[in-house]
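Asker: Quick one, fold the following:
(chains A and B)
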Protein chains: 2
Amino acid sequence: MENFVFYNPTKLVFGKNTVEKIGEYLRKDKIKKILLLAGGGSIKKNGVYEKVVRSLMDNSIEKVEIWGIRPNPVLSKVYEAIETAKKEKIDAILAVGGGSVIDSAKAVAAGVLYDGDVWDFYIGKARPKEAIPLYTILTLSATGTEMNGNSVVTKEETLEKYSFSSIHVYPKVSIVDPEVQFSLPQNQIVNGSVDAISHVMEYYFDGAKRTELVDRIDESIILTLMETTEALLNDPKDYEARANFALSTTLALNGISGMGHRGGDWSSHAIEHALSALNPEVAHGAGLAVIFPAWMKYVYRKDPYKFKRFGRIIFRMKNSTPEKAIESLRNWYKKIGAPITLKELGFKKEDIETLTEIASKMAPMGKLKKLEREDIRKILEIAFEGE
Amino acid sequence: MENFVFYNPTKLVFGKNTVEKIGEYLRKDKIKKILLLAGGGSIKKNGVYEKVVRSLMDNSIEKVEIWGIRPNPVLSKVYEAIETAKKEKIDAILAVGGGSVIDSAKAVAAGVLYDGDVWDFYIGKARPKEAIPLYTILTLSATGTEMNGNSVVTKEETLEKYSFSSIHVYPKVSIVDPEVQFSLPQNQIVNGSVDAISHVMEYYFDGAKRTELVDRIDESIILTLMETTEALLNDPKDYEARANFALSTTLALNGISGMGHRGGDWSSHAIEHALSALNPEVAHGAGLAVIFPAWMKYVYRKDPYKFKRFGRIIFRMKNSTPEKAIESLRNWYKKIGAPITLKELGFKKEDIETLTEIASKMAPMGKLKKLEREDIRKILEIAFEGE
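Answerer: This next block holds a predicted model:
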């Protein structure tokens, strides 16, 4: 087990009828005026917006709204929100939405107090030294952003999709009410599931040794995600499945799944970011369903025992092998309706070159196996048709 | 799954050579003078004290010391430390030791800023509104106190062993260096193991339904504790086993093991407290090894499925039954050298009356089954000879 520091100051408020408590939490913290960030309008359809507005009013909290943060959020929108936040002299940010809205909100929270270009955080030119407080209401369980300090944003002009991580942008309070997710379309359940499973696997397969407890916890999260994904595809209003799914996605990336690990591998995520940078229509989860198994096929010889264990525990195989374990994962992704090849995502053979180019900007990458440009190309080739 | 709020602001610093970092963490927080609380002197033998003193000196931090906090810590010692803390105008408390030292330190941290009697917190007459910052260096993994807001103390005169819980006394930083535990005697490994397993079981068996994810996490913690306990009894210097054991005890009671639960049952703990109140020589873990299985025998009909599952997962039984599961737990306790009857702990048949008397002050108690005085007596009777 590796040395580690775990520090996660987010207050997680989880369960039924919790959205309407947001005003109280803000008032307790003496917040008077917030910038409300939101996406395309689904929170007006599912009733979340109305509850938030009422709760803010009941607690005499002023608000300014910015709408239109889209999946695979873009830097230009972050700039717009920072401008508004500065002009309106807000005390805090309230992000109401999924990963894209919350990730953007983190950039705004730190960007408001930073004199330079917020993109500096993403390219590693600067690190946030402070941020205004961030509160979130999660409406789509997937990325785990509600309980960590990570933010991923794409710069449109250069197709760069980068991330930063800072203790200052952990949400102060995150509200997760599984009931508000009853109305999500099936593909968002699938994408969220693949995303969260991938987060756990980035740690699980990072080459750390003797992480017995956390291996078991990681397997617990993956098994529960698989079980509840199937239950939700069958009945999207199964509250208990929804709650277990939601909690699993949060714990997949709040630090626990990586305790004692080597920080995670993260190659699959880096390569996937190239996919959605080139084609923003590609959902992050869908991209990961294609890339992660391809990465596994390419690297499993570095730690065959772990891949074998994965098959034994996750797919209950008596005679597990790394190859069979990886194949089972792809079959399960197929079963729940996730794409498993670049082809299915609409990429052409000739895109491999461009994708290699974009992803290689981050090379060398990875912990289990250090990947250079040529390794990345080979993984993309495996991903193309899945062979 | 039940609604819940999870908030745990303790920074956990885990791994080799971390004790010597304490001075830096204190300095970063601008602490100038601390009250160092310690137990009987084992930290002088294992080198921890020397490392702490050097680290404090290197960072120009003044200290006042109070020694002699004993297992099953007592209120009089807490009073003494509060007095000293007030007189010496310290900025923070540094607890170096096991659960008793850290639990006492929590009382001191809140007591220093409270005008009334600190015992008020334990009897529920008052709740802490603030506390001075607490830092800990854990030298005995067992109670989980390094990452929660709980404190248990005994008032000698009345044999009352009560607890309080407050967000204000969560340690700011807790350092867990598994290597410093290499020199612990075997019975402390055993007691720590039983204690941590019991913490998880209090939640696991509290009657909450559809807690799939947390059930799996709880089972992960118990399985790892059992595996590493056996490894450590065999080789106390097995670092990896020690690290997995230590992390398991922390996660057993830092809020995660109880997410979505009903707050835990806690009857076994309440009844055990009567044992150590009557005879302070009884280690908390030893008492729990006797009481918990007796409680299980008395209540399992309230949730037979869960007890059956426990046998299937923890003891890998193909044809698990509640009775066989409970018997397996007792057998395992026996195997690692824990007592399993009140008799073995030196209690006489006639003590059952007194123990019932003491424990019943907390009645009614419990979540899975609400226990009244007569229920408590029956559990103690089962515990007497284990039948």
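
Asker: burial measure for the residue nearest to residue A:351 when sequence neighbours are not counted, as a count.
Answerer: Distance criterion CB to CB, 6 or more residues apart in numbering or on different chains; nearest residue to residue A:351, sequence neighbours excluded, is residue A:278 at 6.8 Å. Any C-beta I mention is one placed from the backbone N, CA and C, and that applies to glycine too. Neighbour count for residue A:278, taken as other CB atoms under 10 Å in any protein chain shown: 17.

Asker: Hmm, residue A:278 is touching residue A:357, no?
Answerer: No. Here residue A:278 does not reach residue A:357: they are 9.6 Å apart, not a contact under CB atoms under 8 Å.

Asker: Report the separation between the residue nearest to residue A:351 and chain B.
Answerer: With distances taken as CB to the nearest CB, to the nearest Å, residue A:278 is found 35 Å from chain B.

Asker: and the residue lying closest to residue A:362 once chain neighbours are set aside, helix, strand or coil?
Answerer: Closest residue in space to residue A:362, ignoring its immediate chain neighbours: residue A:270 at 4.7 Å, by CB to CB, 6+ apart. Here residue A:270 is recorded as helix under DSSP: H, G, I helix; E, B strand; the rest coil.

Asker: now do residue A:96
Answerer: strand.

Asker: Would you check how far apart residue A:62 and chain B are?
Answerer: Taken as CB to the nearest CB, the spacing of residue A:62 relative to chain B amounts to 26 Å.

Asker: go on, residue A:154?
Answerer: For residue A:154, the distance to chain B equals 31 Å [CB to the nearest CB].

Asker: ok, that residue to residue B:259 distance?
Answerer: Separation of residue A:154 from residue B:259 (CB to CB, to the nearest Å) stands at 33 Å.

Asker: between those two, which one's more packed in?
Answerer: Looking at residue A:154 and residue B:259 with other CB under 10 Å, you find the greater number of neighbours at residue B:259, namely 23 against 20.

Asker: Can you read off the pLDDT for that one?
Answerer: With respect to pLDDT, residue B:259 scores 98.

Asker: Identify the residue spatially nearest to it, adjacent ones excluded.
Answerer: Spatial nearest neighbour of residue B:259, excluding adjacent residues (CB to CB, 6+ apart): residue B:214 at 5.1 Å.

Asker: Return the per-residue confidence for the one you found.
Answerer: If you check residue B:214, the pLDDT there is 98.

Asker: just so I have it, where are all the strands in the stretch 151-300 of chain A?
Answerer: Ranges of strands in the stretch 151-300 of chain A, per DSSP state E, counting those that start in this stretch, are A:160-165, A:173-176.

Asker: What parts of the stretch 101-250 of chain A come near chain B?
Answerer: Within the stretch 101-250 of chain A, the positions adjacent to chain B are A:209-214, A:216-217, A:219-221, A:223-224, A:227-228, A:240, A:243-244, A:247-248 by CB under 8 Å from any CB of the partner chain.

Asker: Kindly recompute the last result at 6 Å.
Answerer: A:210, A:212, A:213, A:216, A:217, A:220, A:224, A:240, A:243, A:244, A:247, A:248 (CB under 6 Å from any CB of the partner chain).

Asker: Distance check, the fifth one against residue B:223.
Answerer: Residue A:217 sits 11 Å away from residue B:223, going by CB to CB.

Asker: between the two, which one's more packed in?
Answerer: Remark: of residue A:217 and residue B:223, residue A:217 carries more neighbours, 26 against 19, as counted by other CB under 10 Å.

Asker: Which residue, other than its chain neighbours, is closest to that one?
Answerer: residue B:220 (5.1 Å).

Asker: Per-residue pLDDT of the closest residue to residue A:385 other than its chain neighbours, please?
Answerer: In space, and not counting its chain neighbours, residue A:385 is closest to residue A:341: 5.5 Å by CB to CB, 6+ apart. For residue A:341, the model assigns a pLDDT of 97.

Asker: Quick check: the gap between the residue nearest to residue A:351 and residue A:271.
Answerer: 12 Å.

Asker: Next one: the residue positioned nearest the centre of chain A relative to residue B:137, how far apart?
Answerer: Central residue of chain A (CA atoms, centre = their mean): residue A:143, 2.2 Å from the mean position. For residue A:143, the distance to residue B:137 equals 35 Å [CB to CB].

Asker: Next, the residue nearest to residue A:385: secondary structure please.
Answerer: Per three-state DSSP, residue A:341 ends up coil.

Asker: Unless I'm misreading it, it sits right up against residue A:387, doesn't it?
Answerer: No. Using CB atoms under 6 Å as the test, residue A:341 is too far from residue A:387 to be in contact (8.9 Å).

Asker: Give me the more crowded residue out of these two.
Answerer: residue A:341 (19 against 9).

Asker: How about the backbone phi and psi for that one?
Answerer: Per-residue torsions, residue A:341: phi -130, psi 160 (degrees, to the nearest 10).

Asker: Let me see the contact set for residue A:156.
Answerer: Applying CB atoms under 6 Å, 6 or more residues apart in numbering or on different chains to residue A:156 gives the contacts residue A:74.

Asker: now do residue A:94
Answerer: Neighbours of residue A:94 in contact, by CB under 6 Å, 6+ apart: A:34, A:36, A:135.
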